[in-house]
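Enquirer: predicted structure and sequence below. I'll ask about it afterward.
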Protein chains: 2
Amino acid sequence: MALQSFVEVKPDSHFPIQNLPYGFFKPEPSSPARPGVAIGDYVLDLSEIAKAGLFDGPILSVSDCFLQPNLNKFLAMGRPAWKEARTTLQKLLSSTEAALRDNASLREKSLFPMDKVEMVLPIAIGDYTDFFSSMHHAKNCGTIFRGPQNPIPANWFHLPIAYHGRASSIVISGTDIVRPRGQGAPSGNSPPSFGPSQKLDFELEMAAIVGPGNELGKPVDVNEAADHIFGVVLMNDWSARDIQAWEYVPLGPFLGKSFGTTISPWIVTLDALESFACDAPNQDPHPLPYLAEKISKNYDIPLEVQIKPAGQQDSCVVTRSNFNNLYWTLTQQLAHHTINGCNLRPGDLLGTGTISGPEPDSYGCLLELTWNGQKPISLNGTTRKFLEDGDEVIFTGCCKGNGYNVGFGSCSGKIVPSPP
Amino acid sequence: MALQSFVEVKPDSHFPIQNLPYGFFKPEPSSPARPGVAIGDYVLDLSEIAKAGLFDGPILSVSDCFLQPNLNKFLAMGRPAWKEARTTLQKLLSSTEAALRDNASLREKSLFPMDKVEMVLPIAIGDYTDFFSSMHHAKNCGTIFRGPQNPIPANWFHLPIAYHGRASSIVISGTDIVRPRGQGAPSGNSPPSFGPSQKLDFELEMAAIVGPGNELGKPVDVNEAADHIFGVVLMNDWSARDIQAWEYVPLGPFLGKSFGTTISPWIVTLDALESFACDAPNQDPHPLPYLAEKISKNYDIPLEVQIKPAGQQDSCVVTRSNFNNLYWTLTQQLAHHTINGCNLRPGDLLGTGTISGPEPDSYGCLLELTWNGQKPISLNGTTRKFLEDGDEVIFTGCCKGNGYNVGFGSCSGKIVPSPP
Ligand SMILES: [Ca+2]
Ligand SMILES: [Ca+2]
Ligand SMILES: [Mg+2]
Ligand SMILES: [Mg+2]
Ligand code: NI
């Protein structure tokens, strides 16, 4: 029988003892944020567990990593520390272990109902990079923006294309997104348009969070890249397609993306995802040696996007995709990122790019789902080409195991109007 | 007669009492870094001045901003604090003021010969953005990469184009630059090339350093943008043209730029540059209202690039340009950056883009100077298409005033070989 916790975990919970994702939370709005892991409908306060001396392994017993204002110090410590924490916490939370189970005052201090706490960004993000690793997304966007002749650029099958994103505007799930204003392409001889974006979109992505970094000038070997990845979150790379289309030649996306990027509060570790590993797609042409991995892994993570239209109570599924639609693996992305000597730092965020599948009902953004507004989708009796003010977009991701899930919770945000 | 300091300032010094640029330094390799201003051949330690109670104005007397590990807190305080610091320091360093001049023990503790100290990055850089604001550079690059038909993209005259850069690899002047490895475009049916970049280049830029930021969702008015800019540094945006040319479609520069960016150690304040303000170029077409400024200012800052070829003692001037070649002003860049609601934070770095002038001897990078390697330049009896291992590139910038300079010192870096 699977490992069980003394904390009640409902069968459909994303957060059984097999998961234990990391986040940062405030028990009360005025209290300082502290690290926690999710267990069932509760959050376990790791600062209290640390203060109680229950991280008793050789690495964590002598570290103050859970008394910091974010997870970065823990991330920098690497996989041995992460493994030790996982072992300690699975033991502490198991139904057969008395230390926390039978200590009412410690339970009182350290276990908080998840629906009563405020989640905050768990990491200080030095740099955020966004890749472009779904072939279906690359093909669809290329067709829409540049036409059906050679929609996928020549370089795409040789390297995991990426651009630098904006770190300052990354926000936690639940934060409202202000509709951006900006320029759109002129029609004919008129000047460019200006105003609130008319083509506001979501992008269904996930993002890897970097653990130990690398020194400037010292690339990471692709076969060691997994040791530099702590875990994964859901990410919504909100995009204003009209702003993007006008600005992006020749230096890439800028204001069409930098007004906000939402991540889910819980970082699911690679260790928890390991049971859901699957083969990555065969790559043809063969990648260059620096991208050729001995073991090339994807993860089977079903993903779903719902929209709750403005003024309505119910949300509506608009797409279902899966992390395993990615062509380039997380480890190839990381190795490529450093091959020129670029240094990564703990807490850096590496977005996968929009995760579109092959079928129209698995496309990862409205640009593709509505084919740039040409085919509106219907939602609970209303229709959408792009997002309207008041619309809420909700991502979920959940791996289905044998008798338990390993889930990501949700990543949501509501559109609010532009400033006047 | 111009204001004079009791500290000796040679006539050609970049750092008279009219300048007082800010940096961060270590008196000894093992000592903690602290803030300083440059005066003649000396650095004045602001932490010692603060501890001695000599910042006696209403704002700084109650602040610990000069006892921090970087300038970010001081930057966040805004122009009133910066003006108070400037007034206090000009008075303290003037030839007629006894407080420091006649206090031998304080002079001993607070004044260090510049050639004996180690300069470090003065700011924690949250995000780095690079603009593309010289029309001559845009035209030359467009011609080289995409041909002479319409070399300047349609959007260029309507908005200050920019891309997000990599913050982690920004280094202080004097840091060696490791030649990046990476992919280059395939020829014919062969796979892409891989190895050390064969087209390593410098880019002559300057960069604005953001003072107070703005809240996410709240754009900065272009006429108030100057209050968000603390000062300016020299910047070398090292670029690998072969990597860049192969990777940049469709999402912009990534590994061709992210292996290193060098900034000069001294931040020259906008207040010190004010005497060198000049009119910005007339803009046709007229910018949209959010970019139309009541006063549109450039600065007359002569710039020079020298290369000291590998194995040689002497360096050789390869180009002379001027900050006033920029089409888009710093304030337009900043207002554009925030028009979509993107938040800036204190210490963010906004690069101008390569500052090329109209004439071939004022182009700001080797790509333009050698026309992508077609016309090698000669240097002290040797020639260069692009940079070779051991080459050192040295930027200087210096405004010429009436009897004094306001200079930036230098921004230099030497190329070292790729890892094996
Ligand atoms: Ca994206
Ligand atoms: Ca540049
Ligand atoms: Mg975004
Ligand atoms: Mg660079
Ligand atoms: Ni960044």
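Expert: Cool, the structure landed. Ligands and ions are numbered 1, 2, ... in the order given.

Enquirer: can you list the residues of the stretch 101-250 of chain A near ligand 5?
Expert: Taking CB under 5 Å from the ion as the criterion, the neighbours of ligand 5 within the stretch 101-250 of chain A are A:127, A:167. To be clear about C-beta, it is placed using only N, CA and C from the backbone, and glycine gets the same treatment.

Enquirer: any residue of stretch A:176-183 touching ligand 3?
Expert: No. Judged by CB under 5 Å from the ion, stretch A:176-183 and ligand 3 are separated, with a smallest distance of 9.4 Å.

Enquirer: touching that stretch from outside, list them.
Expert: Outside stretch A:176-183, the residues that touch it by CB atoms under 8 Å, 6 or more residues apart in numbering or on different chains are A:171, A:192-197, A:200, A:238, A:240, A:242-243, A:246-247, A:255-256, A:259-260, A:262, A:389, A:413-419, B:155, B:158-159, B:216-217, B:219, B:288, B:339-341.

Enquirer: wait, is A:T88 part of a strand?
Expert: No. Assigned with DSSP: H, G, I helix; E, B strand; the rest coil, A:T88 falls outside any strand and is helix.

Enquirer: and it, what's its pLDDT?
Expert: Per-residue confidence at A:T88 stands at 98 (pLDDT).

Enquirer: what of A:F145?
Expert: Taking A:F145 on its own, its pLDDT is 84.

Enquirer: returning to that earlier point: ChimeraX command to pick out the buried ones of the contacts of stretch A:176-183?
Expert: Applying 16 or more other CB atoms under 10 Å in any protein chain shown to the contacts of stretch A:176-183, the buried members can be selected in ChimeraX as follows:
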select /A:171,192,196,197,200,238,240,242,243,246,247,255,256,259,260,262,413,414,415,418 /B:155,158,159,216,217,219,288,339,340,341
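
Enquirer: among the contacts of stretch A:176-183, which are located in helices?
Expert: A:242-243, A:246-247 (DSSP state H).

Enquirer: could you look up the SS state of the closest residue to A:R79 other than its chain neighbours?
Expert: Nearest residue to A:R79 in three dimensions, chain neighbours excluded: A:D227, at 5.5 Å (CB to CB, 6 or more residues apart in numbering or on different chains). Under three-state DSSP, the three-state class of A:D227 is helix.

Enquirer: give me the pLDDT for A:D227.
Expert: For A:D227, pLDDT reads 98.

Enquirer: contact partners for it?
Expert: So A:D227 contacts A:78-79, A:211-212 (CB under 8 Å, 6+ apart).

Enquirer: same list, the residues you listed, but as TSV with pLDDT please.
Expert: Putting the contacts of A:D227 into TSV (pLDDT from 0 to 100) gives the following:
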residue	pLDDT
A:G78	98
A:R79	98
A:G211	98
A:P212	98
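
Enquirer: can you add distance to A:P11, neighbour count and secondary structure and give those back as CSV?
Expert: Shown next, in CSV, are these (distance: CB to CB, whole Å; neighbours: other CB atoms under 10 Å in any protein chain shown; DSSP: H, G, I helix; E, B strand; the rest coil):
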residue, distance to A:P11, neighbour count, secondary structure
A:G78, 34, 16, coil
A:R79, 31, 18, helix
A:G211, 32, 27, coil
A:P212, 36, 18, coil
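
Enquirer: which of the ones in helices among the contacts of stretch A:176-183 lies closest to A:G36?
Expert: Relative to A:G36, the closest of those is A:I243; by CB to CB it sits at 37.0 Å.

Enquirer: I'd say that closest one and A:Q198 touch.
Expert: No. Contact between A:I243 and A:Q198 fails when scored by CB atoms under 8 Å: they sit 9.7 Å apart.

Enquirer: do you know the pLDDT at the residue nearest to A:R179 when sequence neighbours are not counted?
Expert: Spatial nearest neighbour of A:R179, chain neighbours left out: A:S418 (4.5 Å); criterion: CB to CB, 6+ apart. Looking at A:S418, its pLDDT reads 98.

Enquirer: what about A:N150, neighbour count?
Expert: For A:N150, the count of nearby residues is 10 (other CB atoms under 10 Å in any protein chain shown).

Enquirer: the nearest residue to A:P29 once chain neighbours are set aside pairs with what?
Expert: Nearest residue to A:P29, sequence neighbours excluded (CB to CB, 6+ apart): A:E118, at 6.2 Å. A:E118 has these beta-bridge partners by DSSP bridges: A:K26.

Enquirer: remind me which residues of the stretch 301-420 of chain A are low pLDDT?
Expert: The stretch 301-420 of chain A contains no residues with pLDDT under 70.

Enquirer: can you give me the strands for it?
Expert: For the stretch 301-420 of chain A, the strands defined by DSSP state E, counting those that start in this stretch occupy A:302-308, A:316-322, A:349-351, A:377-379, A:382-384, A:392-400, A:405-416.
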